[in-house]
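Peer 1: Structure, please.
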Amino acid sequence: MAEPGVETRTRSSVITARAAASFDPVGRSVATARAFVRDTLQGWGYSDVVDDAVVLTSELVTNAVVHAGTAADVLCLRTDEGVRVEVADRYPEREIPIQGTGRSLGSLDRENGRGLLLCAALASRWGVEYSPTYKQVWFQLDLPQRPVGTRSAGPVLPIPLLPVADARVRVAVTQIDRTGSISVWNEDAQHLFGYAAEQVIGKPLTDFAAWPQTPGIGTGIAEALQLSRWEGSYGIRGTDGRVVPVYASHLRVRDTNGEPSTVCLLVRDDERAVIQSPQRAPVTETGAESHASDPFEVFIGSPAPEDLDGLLQRTVERARDMLDGDAAFLLLATDDETELEVRATTGLPSARQRFARVPVEAGTSRYGSARMPAVHEDLTAVPGAVPLLNSTGMRSVVTVPLKVEGRLTGSLGVAAESAGRYSNEEALRLQFAADRIALAVESARLGELERLRRGSLSFLVEASDLLAGTLDRDQTLALMAQMTVPTLATWCAVYTIADQASDPYLSYVLHEDEERIDGLKALLSKIDPPDPVPTPGARVWTAPAEAGQRAALLTSKRELGLGSGPPVSSGIGTTLATAAAVGGETVVLPLVARNRVIGMLTLGKPSDDHFRQEILELAEDLSRRAALALDNARLYSERVAISQSLQRSLLPPELPQIPGVEVEVIYRAAGEGNEVGGDFYDLFPIRDGAYGFAIGDVCGTGPEAAAVTGLARHALRLLAREGFGGPAVLERLNAAILDEGARSRFLTLLYGELWPQEDGSAVLKVVCAGHPLPLRLRQDGTVEPAAEPQPLLGVMDDLELYEQMVTLDPGDVLLCVTDGVTERREGTRMLGDDGLADLLTTCTGLTAGAVASRVLRAVERFAAEPASDDMAILAMRVPEPHRS
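Peer 2: Okay, here's the model as predicted:
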């Protein structure tokens with residue numbers, strides 16, 4: 001029986017393509033699965049649903065590989081209606097909560113059940129299927145409905161409503177080969193952008209294209225060039241460094257040899273009507289095309305643009321033409337209705353003003369509020385009344401609000417270069433047009449916000465995954481910058497603060513153009529860093545733009561011989577390019593972790609560019625995640641440094657030279673170095689002709705083990721030099737360990753004293769307290785234990801230990817190791833004492849260093865996995881006398 005809220009059966013549809021992959025139950029599989037789904041859907045041309053599919057796949061694969069702990073199988077199916085993604089795991093016993101049954105699907109604050117909540121919210125259809133061996137969750141994402149039909153023609157429009165174009169319309173034709181490089185560049189392209197054909201042919205289009213990088217709003221340039229057809233807006237950087245907004249139509253073709261390429265037609269963005277494909281109009285039952293009679297379509301023209309930017313641009317063009325103005329602009333209100341953001345202009349420097357923000361209430365009079373219509377007959381009489389028009393040459397302006405259900409959603413204005421052009425009559429006409437388009441604009445804006453929200457969610461999922469994947473401070477800084485450039489900003493700088501008493505330090509700089517990084521870093525190094533203010537949110541920082549302008553002005557004066565310094569022979573291009581790079585809006589976001597400002601994330605735009613509010617909100621969310629990741633990396637680095645310093649302090653700084661005896665010690669700490677190990681060794685002189693040596697292993701790791709290690713090493717030296725013998729030394733050490741109480745740790749220890757003899761041999765007295773037995777290798781290749789096992793230290797109060805005497809003849813070797821050597825494992829196999837003895841029999845005739853190295857290599861090669869325990873190897877050999 002079907003449960004409410006969940007489909008258990010899919011609708012039949014024709015499958016036109018499929019792609020499948022399996023992912024192991026490890027954390028990195030989640031990111032790999034996301035990349036698989038994203039690449040598959042973009043390859044199919046389904047960019048409209050990519051972000052939703054990636055988010056849902058991420059949650060479902062996380063449930064499988066992290067929570068269920070099984071492998072995940074992902075299957076993507078393409079149909080005419082959309083795409084279906086199936087995620088299966090091998091844990092069918094896991095129960096799926098169903099809506100409407102009294103069991104909650106979960107909440108967004110809890111990891112469990114969140115994937116099903118997202119399925120219910122984002123998917124067109126979804127369901128769960130069980131079998132005896134697996135559980136499968138699937139979801140269907142339908143493609144947006146796009147009206148299609150037969151060929152159609154637009155209505156006959158009055159001449160004033162026709163699109164405006166130059167007397168000589170320029171259509172740039174370029175062709176891009178399979179590698180993304182330009183192979184064709186016509187004369188109109190040279191006229192529009194300034195480059196001759198020989199300057200661009202063979203170079204990648206990405207060197208010249210300024211592609212919109214708002215997450216979730218558009219397809220990337222690489223993907224667009226692979227699609228069979230694509231239309232949209234972007235920019236081309238001209239020879240003067242400025243971006244020329246263009247409208248482009250791409251068509252993917254192949255030549256007679258089957259070689260694919262992409263033909264691109266480009267016109268100025270304000271002349272997009274020349275190549276823009278009209279939307280198919282629906283056909284009536286009688287076959288006649290429907291004619292637009294809606295006032296909105298009469299004003300905007302039919303068909304209306306589908307995207308928000310296109311709709312806004314069409315609106316300002318129609319408003320300008322309707323009132324015979326020289327310029328027009330449209331601003332959209334922020335969610336709190338306190339500011340207006342410039343979104344479309346015509347007749348104004350749009351690139352300079354785009355996304356600039358102005359307050360809704362600019363004054364106390366009705367003309368200072370965007371909530372009411374306003375007419376300014378002469379702006380020279382009221383300077384600054386319309387900040388957007390400052391220094392543009394406009395004299396008169398009429399502005400009207402856009403409202404939906406009484407709520408301010410935007411402002412529409414038309415301006416003219418002459419004074420007295422507009423009256424209340426024009427304001428009424430413009431207000432009537434604004435009322436017709438307000439609902440459509442708000443609907444398109446909400447649709448864009450929803451796409452941006454979903455794209456932002458996908459972006460933050462990827463960012464969190466990358467930041468969580470490293471504890472290296474420098475790599476974290478690089479990731480922070482690489483995630484923001486060019487997705488959120490043109491350039492980025494990260495300042496870090498070591499402690500409360502330190503000044504901010506410029507730690508990392510990145511620009512989307514690598515050639516600009518050095519100049520940008522040099523400029524930022526010369527100005528004071530931003531103040532480390534903990535207040536959340538982005539704040540504008542004008543210092544880089546002002547410094548860049550001063551440097552450019554000074555360099556230009558020197559170039560012309562007008563400055564106090566010598567003329568500049570080189571570098572003026574770099575200085576001007578750097579000034580342009582920082583000439584736009586620059587914002588600073590605090591990096592706050594654990595109630596402390598640990599740095600600042602600085603984002604910038606090139607000359608006259610501004611950030612849109614949604615991007616700043618996304619950057620603020622990213623900065624919170626990045627701050628915590630950066631602080632975690634700092635804490636980890638400090639911990640590693642402390643641990644390594646403590647570990648070094650517990651080992652002897654250097655080994656003494658023992659006459660007549662070769663000594664070699666090898667020590668290897670396991671893990672990443674963030675824990676102090678319990679293995680230690682020592683070799684020290686006791687008195688003339690006598691030397692002490694020790695090798696031990698304290699139970700556990702960390703500070704407690706380090707305390708016992710330090711106690712043991714220093715107590716051994718002190719007691720031995722006081723004249724105590726081996727048993728007495730270890731008995732007193734045992735008492736000292738037990739005196740530590742709850743902090744004590746048991747200890748295995750091999751301690752001995754060595755006396756080199758005049759006949760070339762060496763006499764040793766050893767005590768083996770619970771430690772792996774030392775092995776003696778004779779010249780004839782026989783191996784035997786050099787001591788007997790005795791109780792370990794730190795367990796019993798009364799120990800009765802004894803020492804054993806060993807004589808090493810010339811050519812003999814004494815090998816001492818910790819249990820990290822003998823307990824080396826590979827599955828069920830273990831090296832063991834016997835394995836070590838067998839290995840030692842092959843070392844006859846080797847020096848002490850060669851013996852220790854051979855043992856280490858054998859241990860490392862015994863298993864494929866890295867060692868999980870510390871290892872200490874101490875080899876002593878009495879060399880054979882030289883024969884003359």
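Peer 1: drop to CA atoms for contacts and neighbour counts, all remaining ones
Peer 2: Fine.
Peer 1: Phi and psi next, for the closest residue to Gly770 other than its chain neighbours.
Peer 2: Excluding the flanking residues, the one nearest Gly770 by CA to CA, 6 or more residues apart in numbering is Leu792, at 4.2 Å. Main-chain torsions, Leu792, degrees, to the nearest 10: phi -80, psi 170.
Peer 1: For Leu792, report the pLDDT, please.
Peer 2: Listed pLDDT for Leu792 reads 92.
Peer 1: ok, how many other residues are close to it?
Peer 2: 20 (other CA atoms under 10 Å).
Peer 1: One more: the one 5 residues further on?
Peer 2: Using other CA under 10 Å, Asp797 has 11 other residues around it.
Peer 1: helix, strand or coil for it?
Peer 2: coil (DSSP: H, G, I helix; E, B strand; the rest coil).
Peer 1: these two touch, right, it and Ile737?
Peer 2: No: using CA atoms under 8 Å, Asp797 is not in contact with Ile737; the gap is 10.0 Å.
Peer 1: Would you enumerate the residues in contact with the residue lying closest to Leu471 once chain neighbours are set aside?
Peer 2: In this structure, Leu471 finds its nearest non-sequential neighbour in Ala633, 4.5 Å apart by CA to CA, 6+ apart. Ala633 makes contact with 470-473, 476, according to CA atoms under 8 Å, 6 or more residues apart in numbering.
Peer 1: want to try a markdown table for the residues you listed, with distance to His511, secondary structure and neighbour count as columns?
Peer 2: Putting the contacts of Ala633 into a markdown table (distance: CA to CA, whole Å; DSSP: H, G, I helix; E, B strand; the rest coil; neighbours: other CA atoms under 10 Å) gives the following:
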| residue | distance to His511 | secondary structure | neighbour count |
| --- | --- | --- | --- |
| Thr470 | 23 | coil | 16 |
| Leu471 | 24 | coil | 18 |
| Asp472 | 22 | coil | 16 |
| Arg473 | 20 | helix | 18 |
| Thr476 | 17 | helix | 24 |
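Peer 1: Dump these to a markdown table, plus pLDDT.
Peer 2: Listed next are those as a markdown table, based on pLDDT from 0 to 100:
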| residue | pLDDT |
| --- | --- |
| Thr470 | 85 |
| Leu471 | 86 |
| Asp472 | 85 |
| Arg473 | 85 |
| Thr476 | 89 |
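Peer 1: Check those residues and tell me the two furthest apart.
Peer 2: The span of the contacts of Ala633, defined through CA to CA, is set by Thr470 and Arg473 at 8.2 Å.
Peer 1: tell me what the helix or strand where Thr262 lies is packed against?
Peer 2: Applying DSSP states H and E as the criterion places Thr262 in strand 260-268. Packing contacts for strand 260-268, counted by 3 or more CA pairs under 8 Å, 6 or more residues apart in numbering; DSSP states H and E, involve strand 172-177, strand 243-254.
Peer 1: what do you get if the cut-off is 10 Å, keeping everything else the same?
Peer 2: strand 172-177, strand 182-185, helix 187-193, helix 221-226, strand 229-237, strand 243-254 (3 or more CA pairs under 10 Å, 6 or more residues apart in numbering; DSSP states H and E).
Peer 1: To Val763, which of these lies closest?
Peer 2: So among those, helix 221-226 is nearest, using CA to CA, at 76.1 Å.
Peer 1: thought Phe23 was touching Ser29?
Peer 2: Yes: with contact defined as CA atoms under 10 Å, Phe23 reaches Ser29; the gap is 5.7 Å.
Peer 1: Overlap of the contact sets of these two?
Peer 2: Overlap of the contact sets of Phe23 and Ser29 (by CA atoms under 10 Å, 6 or more residues apart in numbering) consists of 61, 65, 71-72.
Peer 1: will you turn these into a markdown table that also has distance to Gly447?
Peer 2: Listed next are those as a markdown table, based on distance: CA to CA, whole Å:
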| residue | distance to Gly447 |
| --- | --- |
| Val61 | 28 |
| Val65 | 34 |
| Ala71 | 37 |
| Ala72 | 33 |
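Peer 1: Closest to Gly584 out of those?
Peer 2: Closest to Gly584, out of all of the shared contacts of Phe23 and Ser29 and judged by CA to CA, is Val61, at 41.5 Å.
Peer 1: who touches the closest one in this structure?
Peer 2: Neighbours of Val61 in contact, by CA under 10 Å, 6+ apart: 23, 25, 27, 29-31, 33-34, 67-68, 70-74, 87-89, 115, 137.
Peer 1: Could you do Ala837 as well?
Peer 2: Contacts of Ala837 by CA under 10 Å, 6+ apart are 775-777, 782-785, 815, 822, 831.
Peer 1: are any of the residues you listed buried, and which?
Peer 2: Using 16 or more other CA atoms under 10 Å as the burial test, the contacts of Ala837 include 775-777, 783, 785, 815, 822, 831 as buried.
Peer 1: can you redo these as JSON lines with secondary structure?
Peer 2: Below are the buried ones among the contacts of Ala837 laid out as JSON lines (three-state DSSP):
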{"residue": "Leu775", "secondary structure": "strand"}
{"residue": "Arg776", "secondary structure": "strand"}
{"residue": "Leu777", "secondary structure": "strand"}
{"residue": "Val783", "secondary structure": "strand"}
{"residue": "Pro785", "secondary structure": "strand"}
{"residue": "Leu815", "secondary structure": "strand"}
{"residue": "Thr822", "secondary structure": "helix"}
{"residue": "Leu831", "secondary structure": "coil"}
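Peer 1: number of nearby residues for Val137?
Peer 2: The burial count assigned to Val137 is 23, neighbours taken as other CA under 10 Å.
Peer 1: And for the one 4 residues further on?
Peer 2: Other residues near Leu141 come to 21 when the count uses other CA under 10 Å.
Peer 1: Would you agree it is in contact with Cys76?
Peer 2: No: with contact defined as CA under 10 Å, Leu141 does not reach Cys76; the gap is 11.1 Å.
Peer 1: Quote the end-to-end distance of stretch 483-491.
Peer 2: For stretch 483-491, the first and last residues are 11 Å from each other (CA to CA, to the nearest Å).
Peer 1: ok now it, how far from the chain's centre?
Peer 2: Distance of stretch 483-491 from its chain centroid, counting by CA atoms, centre = their mean, to the nearest Å, is 11 Å.
Peer 1: And the average pLDDT for it is what?
Peer 2: Mean predicted lDDT for stretch 483-491 stands at 88.
Peer 1: and what of stretch 774-788?
Peer 2: Mean predicted confidence for stretch 774-788 is 92.
Peer 1: Between the two ends of that stretch, how far is it?
Peer 2: 9 Å.
Peer 1: Helix or strand for Cys76, just tell me which one.
Peer 2: Going by DSSP H and E, Cys76 is in strand 72-79.
Peer 1: what's the burial count for the closest residue to Arg237 other than its chain neighbours?
Peer 2: In this structure, Arg237 finds its nearest non-sequential neighbour in Val243, 4.3 Å apart by CA to CA, 6+ apart. Counted with other CA under 10 Å, the neighbours of Val243 add up to 17.
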